[in-house]
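# need coordinates for the following:
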Amino acid sequence: GTYDLTVTDAGSCTSVAVTYTINLVPVIPSSPIVGTITQPTCTTPTGSVELSGLPSGNWTINSVNVAGNTATTTITGLVPNTYSFTVTDANGCISIATANVIIDAVPSVTPIFQTPIVCANSPVPTLHTSSDNGITGTWSPSVIDLTQSTVYVFTPNAGQCATTQTLNLSYSFSSSSNTRDTVCASYSFPYIWNGLSFYTNGSSQNFVTTNAAGCDSVAAFTLVVLPSLTSTTNITVCQDALDAGILWNGLTITAAGSHQGPTLPALGIAGCDSIPTLVVTVSPVITSNTNITICQNQLATFNWNSIPITGSGTYTYQTQSVFGSCDSIATLNLTIVPQATSTTNLAICHDQLPYSWNGLIFNAAGTQTATLPTSSPFNCDSLATLVLTIKPVLTSTLDTTICANQLATFTWGGLPPSTFINVPFQTISTSLTSLVTLCDSIASINLTIIPAVTGTDVISSCTAITWIDGNV
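Numbering: from 1, shown residues only. As a prediction, this is how the structure comes out:
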């Protein structure tokens, strides 16, 4: 439609109107509908096809460059071939192509004549201007001359799809005749002539009798069996075109191979039918197989022909082959190598912190995972996990009491006597390696020192006295 657009500002002033026209989006025209197909004849060497369902307005049939504006048209002048048609409408939009239309080749016919044999005093035979199978034409020479051997050439009249024929005639004093009859291949055999039976094309038998001139006459009879006129058309198509159906002589062909069409009149020649045959060959589908192995961590970024890949398996992709117009099918056999994992449990002493492992730093107990390259055939990374625990620090306390005079030689925990001082009570700690955890442990001793007791005894004696220490 057409619209007028204005703008009103804050002061209520309105702009000059601007006109806009919105056009409808053109619609792609429908594919032309194939109607009556007229095959070539002897008088008309080209065929035609009727197309209907054409778009309104002006249009152009693209493959034959025919223009018009009616809903139905007939395309003429089609030489034997396979055609498909698209139409371009007045908006320049192009339809989808029609099904294939096949124009057959024109069959050829050879004139068939009896060869007359004459005896003495017999009338001179006449060269018939119509053959046994209905072909009309002219002879050269036009009159038989039995005084010499001559080759007579029959030239068919135009428009009968027929070839030239020759006839050799010779003079004979014996009375004889050569008779032929022509039947179609569909005749119900045997064919009976003068009590003789005939079954096949070209079979001949003689019948001896007396002719009207009074001489012996050998009547030879030859049976001509006219084969059904046949024509064979070979086409090669893609499988998808065959699935859609190929229209031929009123039949829809959906399978490869040889297809016999409906029996057609033989253009009025000898009254025998014509049988057309269509041989359909399907272009092979081009296939390819690709085997790929990737690592598990590559799956998220893996791309093959832009189709979704979710894991190991077989995937197919159908596209048009670069070698022709038919489709090709690519197959991917994908193998996902799972990511290798390992877990290590490790206990260390507290004084070993911070602890370094595969590039990771532990400042306390915990679990961390490292990504490590592997030497596997596919170079996939592995995940290594370390579960780290810290061994506890062991402590022990010993309560010991010694005399003061023992202090000079007292040792404990590898500490020398000089470590201890002469006081009533002291606590000394030292670091030792635990035989259980192999880590440092804290050992403490609470040492009590009993001081020496002193006293003076005054003894008077006239004799020697032995003291408590053994001295005299």
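# mind listing residues that contact stretch 48-64?
Residues from elsewhere that reach stretch 48-64 (Cβ atoms under 8 Å, 6 or more residues apart in numbering): 29-38, 66-78, 83-90, 94-95, 98, 101, 103. In this view, the C-beta of every residue, glycine as well, is placed from N, C-alpha and C.
# among the residues you listed, which ones are buried?
For the contacts of stretch 48-64, a burial check counting by 16 or more other Cβ atoms under 10 Å picks out 29, 31-32, 34, 37, 66, 73, 75, 78, 83, 85-89, 95, 98, 101, 103.
# OK, contacts around the most centrally placed residue in the chain?
In the chain, the centroid-proximal residue (Cα atoms, centre = their mean) is I329; its distance is 1.6 Å. Contacts of I329 were listed using Cβ under 8 Å, 6+ apart, and they are V285, I286, T287, S288, T316, Y317, Q318.
# quick one: A300 from G311, how far?
From A300 across to G311, the span is 12 Å (Cβ to Cβ, to the nearest Å).
# quick one: average confidence on the one helix or strand I428 maps to?
Assigned by DSSP states H and E, I428 belongs to strand 425-433. Taken as a whole, strand 425-433 has a mean pLDDT of 79.
# one more: stretch 69-78?
The model assigns stretch 69-78 a mean pLDDT of 93.
# same check on stretch 231-248?
Averaged over stretch 231-248, pLDDT sits at 82.
# so what pLDDT did the residue nearest to I309 when sequence neighbours are not counted get?
Nearest residue to I309, sequence neighbours excluded (Cβ to Cβ, 6 or more residues apart in numbering): F302, at 5.6 Å. As predicted, F302 sits at a pLDDT of 86.
# so F302 makes contact with C295?
No: under the criterion of Cβ atoms under 8 Å, F302 makes no contact with C295, lying 9.6 Å away.
# which one's more surrounded, these two?
A direct count of neighbours by other Cβ atoms under 10 Å for F302 and C295 places C295 higher, at 19 against 12.
# residue contacts, the more buried one?
So C295 contacts I336, V337, Q339, F378, N379, C380, D381 (Cβ under 8 Å, 6+ apart).
# off-centre distance for whichever helix or strand comes after the strand holding I428?
Going down the chain from strand 425-433, the next helix or strand is strand 440-450, by DSSP H and E. When C-alpha coordinates are averaged (Cα atoms, centre = their mean, to the nearest Å), strand 440-450 and its chain have centres 87 Å apart.
# list the helices and strands strand 440-450 packs on?
With contacts defined as 3 or more Cβ pairs under 8 Å, 6 or more residues apart in numbering; DSSP states H and E, strand 440-450 has these neighbours: strand 395-403, strand 425-433.
# so which of the ones you listed gets nearest H350?
strand 425-433 (11.9 Å; Cβ to Cβ).
# strands paired with the closest one, and their directions?
strand 440-450 (antiparallel) (DSSP bridges).
# buried sites along the partner strand?
By neighbour count on 16+ other Cβ under 10 Å, the buried set for strand 440-450 is S441, A443, I445, L447, I449.
# ok, and the closest non-adjacent residue to V27?
Leaving aside its sequence neighbours, V27 sits nearest to C93 (Cβ to Cβ, 6+ apart; 7.1 Å).
# same check on G311?
With sequence-adjacent residues excluded and distances taken as Cβ to Cβ, 6+ apart, G311 is closest to I336, at 5.8 Å.
# try N379
P373 (6.8 Å).
# now that neighbour: how far from Q339?
12 Å.
# mutual contacts of those two, please.
D381, S382.
# looking at those two, which one has more neighbours?
Q339 (14 against 9).
# re the thing from before, burial measure for the residue nearest to G311, as a count.
Taking other Cβ under 10 Å as the criterion, the count of residues near I336 is 20.
# give me every residue that touches the closest residue to D4 other than its chain neighbours.
Ranked by Cβ to Cβ, 6+ apart and with sequence neighbours excluded, the top spatial neighbour of D4 is A17, at 4.1 Å. Each residue near A17 by Cβ under 8 Å, 6+ apart is listed here: D4, L5, T6.
# thought the first one was touching S15?
This points to D4. No: contact criterion Cβ under 8 Å: D4 and S15 do not qualify, at 10.8 Å.
# show me the shaky parts of the stretch 151-300 of the chain.
169-176, 210-216, 228, 264-271, 273 (pLDDT under 70).
# show me where the chain has its helices.
Assigned by DSSP state H, the helices in the chain fall at 239-244.
# show me what I329 is bridged to.
Residues in beta-bridge contact with I329 (DSSP bridges): T287, Q318.
# distance of it from Q239?
Separation of I329 from Q239 (Cβ to Cβ): 11 Å.
# so what's in contact with these two at the same time?
Contacts common to I329 and Q239, judged by Cβ under 8 Å, 6+ apart, are V285.
# report pLDDT for S321.
The confidence metric pLDDT takes the value 54 at S321.
# all numbers from here: first residue = 39
With the count now opening at 39, the last piece we talked about shows up as S359.
# chain neighbours aside, what residue packs nearest to A128?
Nearest residue to A128, sequence neighbours excluded (Cβ to Cβ, 6+ apart): G95, at 4.0 Å.
# look up how far F123 lies from the one you found.
Distance of G95 to F123, computed by Cβ to Cβ: 18 Å.
# ok, G95 to Q390 distance?
G95 sits 91 Å away from Q390 when distances are taken as Cβ to Cβ.
# between these two, who's got more neighbours?
Neighbours per residue, other Cβ under 10 Å: of G95 and Q390, the larger number sits with Q390, 13 against 10.
# quick check: the gap between that one and I182.
Taken as Cβ to Cβ, the span from Q390 to I182 is 130 Å.
# same check, this time on P462
Distance, P462 to I182, by Cβ to Cβ: 170 Å.
# L205 now?
9 Å.
# per-residue confidence at the residue nearest to the centre of the chain?
83.
# likewise for S479?
Confidence score, pLDDT, at S479: 76.
# so what's it bridging to?
Applying DSSP bridges, one finds that S479 bridges with L470.
# so it touches T433, yeah?
Yes: the criterion here is Cβ under 8 Å, and S479 meets it with T433 at 6.6 Å.
# quick one: end-to-end length of stretch 91-103, please.
17 Å (Cα to Cα, to the nearest Å).
# then stretch 444-456?
12 Å.
# how far does that stretch sit from its chain's centre?
With Cα atoms, centre = their mean, you get 93 Å for stretch 444-456.
# in that stretch, what counts as buried?
Those would be L445, F448, W450, for stretch 444-456 by 16+ other Cβ under 10 Å.
# residues contacting the first one?
What it means is L445. Counted by Cβ under 8 Å, 6+ apart, L445 has contacts P455, F458, N460, I487.
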